[in-house]
Structures are given as structure tokens and as C-alpha cells.
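>>> My questions are about this predicted structure, shown below with the sequence.
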Amino acid sequence: MSRFTITRRWLVNNLGVISAMLFAVVIGGILFVRSYYYSAARQYLTSRMNMVSSILQRSYNDPSTSFSSEIRSVAVNWSEKDKTEIMVVGNRENIALTSSGFIPSEDLDEMADYAQAVSNGANGYYTGRISTGEHIMAVCVLLPDNDSGYSAIRLVSSLEAVDRHIAAIAVILAVICLAVLLMMILSGSYFVRSIVIPVRQIGSTARRYAMGDFSVRITKKNDDEIGELCDIVNHMASELALAESMKNEFISSVSHELRTPLTAIKGWAETIGSMPEDAETVAKGMRVISSESDRLSRMVEELLDFSRMQNGRFTLEKKTMDILAELGDAVLIYAEKARSEGIEIIYDEPDMLPFVYGDKNRIRQVFINVIDNAIKYSDKGGTVTVRALMADADNIEIDIADTGCGISPQDLPKVKTKFYKANHTRRGSGIGLAVADEIIAMHGGSLDIYSEQGKGTTVTIKLPIEKKNDNAKN
Ligand SMILES: Nc1ncnc2c1ncn2[C@@H]1O[C@H](COP(=O)(O)OP(=O)(O)O)[C@@H](O)[C@H]1O
Ligand SMILES: [Mg+2]
């Protein structure tokens, strides 16, 4: 229903107005040309008439000539018979004499010029059709009162040729306007199509995106606003496709992460069940079950935190805390795992650092996430160096550097994005850094990653130290 509104709007607003204007120009042009030609014709008739009048006036004033024979001679010898005709009106309001020699049976009532001359006692003018249908122009001058037998003299000219001329000009004018209109329609419809067609294409492509098909792309035709829109929509589709694949990847890796400890727990539970008397196996099994359950609950906790963050229901329990204690804990938790994987953790714990006002469990979780990554993305023989120092007077800096696989420059800006994994060879949900970054941001700090592919990665966490009024805020 709303399919053609731009075209229709253009037709009405633009073309409608222009057509009306062109129509006005044609009508105005015709009227102007007509009045110009008619006034030129009238001027011509009037000048001829003045000439005739002055000849007759001279004869009238000269008593040696016969006024009536002078009138006849003027009419009969009229030199411009091809253009105009002289008609002499007799005393009985009849046409008494014409320059063509032909006396029309014209009713004097039709001679409005004569009537006008009689009514104002001097001269008259008339344009119109006579009974034969011919279009004429006539001027009339009354003759001085005398006994010549003639009362007035008329000069009549046919307007047919002038009218044909005007009609030809009107046709030319109309053709020019039609051509202009046609050009407007062509260029306008090209312009409208250049908008409407890509917009429709964008619309149908967007509908496919809405149905989950992100494979189509719009071909950009011009480097204009529409082209830019195409680029934006294409970029949006790429981002949506990436988000979609990241989400799918996330689901599969989380399922995998959950299944691995569950398999271990179930396996050990069955082993213990089948040989409850073997105290050593039972003890070892129980250890595995306990540590795998810890891993499971950590992961579920992380997922819950993540979902709380998405909903905006993630809260901190801030207290005055010792950052070194949490960092030491996190290093300790991973010491065993690092040793078993042949990775050395170097940590020179400084004696003292100022306190931080924050949520110690969350901060420890951040350290665990980052150290976990450092070990996970390092190979046997690598080292993880942990340092804690004052960055400046107000901030503590914790650096966790590894000699692992590193992150490519293309991936580096995105690794803090939820679900984003640059490296699919190691297990993980891809939300660890997203959660860690959010937690640090909520403490007014910053988490920055510096990495060189193949050489290693350094994560630098900066946290502001506790200020005097931090406690009062709570
Ligand atoms: N220390 C590191 N060395 C190399 N790559 C890392 C390191 N830390 C993070 N990454 C990259 O950043 C991505 C996101 O990390 P993270 O959010 O913790 O997800 P996960 O650990 O579940 O993969 C990882 O998939 C990995 O590609
Ligand atoms: Mg991680």
C-alpha cells in the first residue's frame, strides 16, 4: 500500500507544481504574443488611416477640388489592397464604396467601429468576427459634415494571417514546454529510482536479516548517502553474523566445559562405588570430585555473574581490602596447576601497598581469570610473571605477564568483548575478560592488555587506592 509513496510524492509535489508553472508560462506567452501582434496591427491601421485622413482633410480645405471625387479616388487608387481595404460609409449607413470594388452586404450593426465613431463623434476601433466568419480589425473615422454623400471612412484588415502566426507560436511554445516537462520526468524518475530501488533492496535485505540469514550483502552502486547506508547495513550484518556465531560458539564451549568435569566426577564416583575398600583410590577420587565440583561451581558462578551484568543486577560488596592478600591467594590457587603443566609462576610479593576500597571476592575473581588465561594460553616451559606496585601516587598497578601464544593485533581490540575468543584451541567460554573488565571498571580502575603474537601477553590492572571518604560513601 505504501510502496510508491516517494514516487507519488515526487509526482504531486514536484511534477505537479512544474506542470502548473509551465502551463501558466504557455498561456501567459500566448496572451503576450497576441497582444503584441494586435497592437502592432492596430498601430499600422491607425497610421494608414492618419495618412488617408490628412489627404482628405487637405482636399476638404481646398475648395477647388471636389471632396466626393477625392474620396472615390482615394478608395479606388488605394495602394495597399493586398493588406487592407478601405470602405466608405454612405449617408444611409451603408457601405457605399470599397477599395476592392466589392460591396459587402454587411449590416452596419456589425460595424462596431463605426458605431463607436458615431457615438464619440470622431473615430472608432473594432476587432472581431464578421458574418462570413472572418476575423478582422477595423478603424473608422467620421468624415466632415458635407454634401459629398459619405459619412465615414473605414480601414479594414483581416487578422487571419496574424492569427495563424500566433497559433504557430503557441504550438512552438507548447512543444518546448512539453519537451522541458519530458526532460524533467526523465531526469526526475531517474533520480527517484536511484533512491527508491536501493531503499527497497535494503528493505528486503533487512527482512532476510530479521529471519536470521546474514549471508546476503547489498551491492553499493554510488558513493552517496544511499551508498553509505548500504555500507552501514552490510557492516551491521557482519557484526550480527559475528555475534550470532560467537553466541553459538559460546553455547558449545560452555556445554563442553560443563561436560568435562561432570564426566570426571561420574567416572570417579563409579570407580569409588565399585571398589569402596581401596582407601587410596577413594581418597584420590574424592579429591578429584571435590576439585572438579569447584571448577563447575566457579564456572556456574561466572555465568551467573555474567548474566547479572547483562541484566544490570551485578552488585559489589565494597570494604577496605588488602589487594596483596587476594593476589597472593590467586597465585597460590594456580601454583599447583602451573607446576603440573611445566609453567613457572614468578611472584615477588611487595611488603606493603595501600589498601583499596572494593569487593575482595570480585577482585580475586579478576586475578584468577587473568592468571588462568596466562597459564591456559602458555605452553610448557613458559613463565608467568606477577608484579604489584604503585603506578602513581593514587593507583596500584598489577601486571600479569606471560610468555605464551600472544594475541594478534586484529583480535586484541575485541578480546574484552563478551563471547569473543581469539584462540579456539583452548577451552573457555570467552566471557572471562568481559567479566573481569567490568568488575575493574566498577572499581574505577582500568584493565589493559598488551600483547605481541608469539611472544606473550601482559595484562595491566590499575586500581585506585582507598580515599578517606570512600567508607563514608557506603
Ligand atoms: N594471556 C593470554 N594469552 C593469549 N591470549 C589470551 C590471553 N588472555 C586472553 N586471551 C585471548 O582472549 C580471549 C578471551 O579471553 P577470555 O575472555 O578469558 O575467554 P576464554 O579464556 O574463555 O577463552 C581468549 O579466547 C584468548 O584468545
Ligand atoms: Mg579466560
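Nice, thanks for sending it over. Ligands and ions are numbered 1, 2, ... in the order given.

>>> Please parse this structure into its domains.
5-165, 225-298, 315-473 (automatic domain parsing).

>>> Quick one: end-to-end length of the first one, please.
Spelled out, it's domain 5-165. 44 Å (CA to CA, to the nearest Å).

>>> what distance separates it from the centre of its chain?
63 Å (CA atoms, centre = their mean, to the nearest Å).

>>> Helix or strand next in line after the strand or helix carrying Ser59, which one?
Secondary structure here is read from DSSP states H and E; on that basis Ser59 sits in helix 17-61. Note on helix 17-61: by DSSP H and E, the next helix or strand toward the C-terminus is helix 67-76.

>>> Give me the three-state assignment for Ile400.
strand (DSSP: H, G, I helix; E, B strand; the rest coil).

>>> Measure how buried the closest residue to ligand 2 within the stretch 201-350 of the chain is and give me the count.
Nearest to ligand 2 in the stretch 201-350 of the chain, going by CB to the ion, is Glu302, at a distance of 9.0 Å. (Each C-beta comes from the backbone N, C-alpha and C, glycine too.) Neighbour count of Glu302, defined by other CB atoms under 10 Å: 20.

>>> same deal with Ser446?
16.

>>> How about Arg200?
Residues within reach of Arg200, counting by other CB under 10 Å, total 11.

>>> What are the buried residues along stretch 41-52?
Using 16 or more other CB atoms under 10 Å as the test for burial, stretch 41-52 gives 41, 44-45, 48-49, 52.

>>> err, stretch 464-474, not the other one
Neighbour-count burial for stretch 464-474, counted by 16+ other CB under 10 Å, picks out 464-466, 470.

>>> tell me which of these is nearest to ligand 1?
The nearest member of those to ligand 1, counting by CB to the nearest ligand atom, is Pro464 at 23.8 Å.

>>> pLDDT score for that closest one?
pLDDT recorded at Pro464 is 95.

>>> Among the domains of the chain, which comes closest to ligand 2?
The nearest among the domains of the chain, by CB to the ion, is domain 315-473 at 2.9 Å.

>>> got the contact list for Asn471?
Counting by CB atoms under 8 Å, 6 or more residues apart in numbering, Asn471 touches 320, 357.

>>> Which of the helices or strands spans it?
Assigned by DSSP H and E, Asn471 falls in helix 470-473.

>>> any idea of the mean pLDDT for that helix?
The average of the pLDDT scores along helix 470-473 is 69.

>>> any idea where the helices of the stretch 101-250 of the chain begin and end?
With DSSP state H, counting those that start in this stretch, the ranges of helices along the stretch 101-250 of the chain come out as 112-120, 160-210, 225-274.

>>> Distance of Pro144 relative to Ile136?
Pro144 is 26 Å from Ile136, where distance means CB to CB, to the nearest Å.

>>> between the two, which one's more packed in?
Ile136 (18 against 10).

>>> For that one, give the beta-bridge partners.
Under the criterion DSSP bridges, Ile136 forms beta bridges with Gly128, Ser158.

>>> And the residue lying closest to Asp322 once chain neighbours are set aside, what's its pLDDT?
Spatially, and ignoring its direct neighbours in sequence, Asp322 is nearest to Phe355 (6.1 Å; CB to CB, 6 or more residues apart in numbering). Per-residue pLDDT puts Phe355 at 94.

>>> In contact with Phe355, which residues?
By CB under 8 Å, 6+ apart, the contact set of Phe355 is 320-323, 465-466.

>>> Apply 10 Å and report the result again.
319-324, 396, 465-466, 470 (CB atoms under 10 Å, 6 or more residues apart in numbering).

>>> likewise Ala40?
Counting by CB under 10 Å, 6+ apart, Ala40 touches Val162.

>>> quick revisit: make sure the residue of the stretch 201-350 of the chain closest to ligand 2 is actually in contact with Ser429.
Yes - using CB atoms under 10 Å, Glu302 makes contact with Ser429 at a distance of 7.2 Å.

>>> list residues touching both of those two?
254, 257, 435.

>>> Distance of Thr281 relative to Trp268?
Distance of Thr281 to Trp268, computed by CB to CB: 9 Å.

>>> which of these two has more neighbours?
Trp268 (19 against 15).

>>> Identify the spatial nearest neighbour of the more buried one, chain neighbours not counted.
Gly285 (3.9 Å).

>>> OK, contacts around the one you found?
264-265, 267-273, 275, 278 are the contacts of Gly285 under CB under 10 Å, 6+ apart.

>>> Now with 8 Å, please.
Here Gly285 is in contact with 268-269, 271-272 (criterion: CB under 8 Å, 6+ apart).

>>> Which helix or strand contains the residue in the chain that ligand 1 sits nearest to?
Per CB to the nearest ligand atom, Gly428 is where the chain lies closest to ligand 1, at 2.3 Å. Following DSSP H and E, there is no helix or strand that holds Gly428.

>>> how many other residues sit next to it?
That count, for Gly428 with other CB under 10 Å as the rule, works out to 21.

>>> pLDDT weak spots in the chain?
For the chain, applying pLDDT under 70 flags the ranges 1-4, 105-110, 472-474.

>>> Which ones among the contacts of Gly285 also lie next to ligand 1?
By CB under 6 Å from any ligand atom, no member of these lies near ligand 1.

>>> What parts of the protein come near ligand 1?
Those residues of the chain that sit near ligand 1, judged by CB under 6 Å from any ligand atom, are 369, 373-374, 377, 402, 404-407, 415, 420-423, 428-434, 457.

>>> can you do 8 Å?
253, 369-370, 372-374, 376-378, 400, 402, 404-407, 411, 415-416, 420-424, 426-436, 449, 451, 456-457, 459 (CB under 8 Å from any ligand atom).

>>> now, which of these lie within helices?
Those of the residues of the chain next to ligand 1 mapping onto helices are 253, 369-370, 372-374, 376, 432-436, per DSSP state H.

>>> Going through the residues of the chain next to ligand 1, which ones are buried?
Buried, going by 16+ other CB under 10 Å: 253, 369-370, 372-374, 376-378, 400, 402, 404-407, 415-416, 420-423, 428-436, 449, 451, 456-457, 459, out of those.

>>> tally of neighbours for Val356?
26.

>>> Quick check, it in contact with Arg364.
No - Val356 is beyond contact range of Arg364, at 11.9 Å (criterion: CB atoms under 8 Å).

>>> winner for burial among the domains of the chain?
domain 315-473 (a mean of 17; mean count of other CB atoms under 10 Å).

>>> How far off centre is that domain?
Distance, stretch centre to chain centre, for domain 315-473: 45 Å (CA atoms, centre = their mean).

>>> For the residue of the stretch 201-350 of the chain closest to ligand 2, pull up the helix or strand it's in.
Glu302 belongs to helix 279-311, assigned by DSSP H and E.

>>> need the next SSE after that helix, C-terminal direction.
Sequence order places strand 319-321 as the next helix or strand after helix 279-311, per DSSP H and E.

>>> what secondary structure does Glu397 sit in?
Per three-state DSSP, Glu397 ends up strand.

>>> quick one: the closest residue in space to it that isn't next to it in sequence and Gly445, what's the gap?
Take Glu397 and drop its neighbours on the chain: the residue closest to it by CB to CB, 6+ apart is Ala391, 3.7 Å away. Look at Ala391 and Gly445: by CB to CB, they are 10 Å apart.
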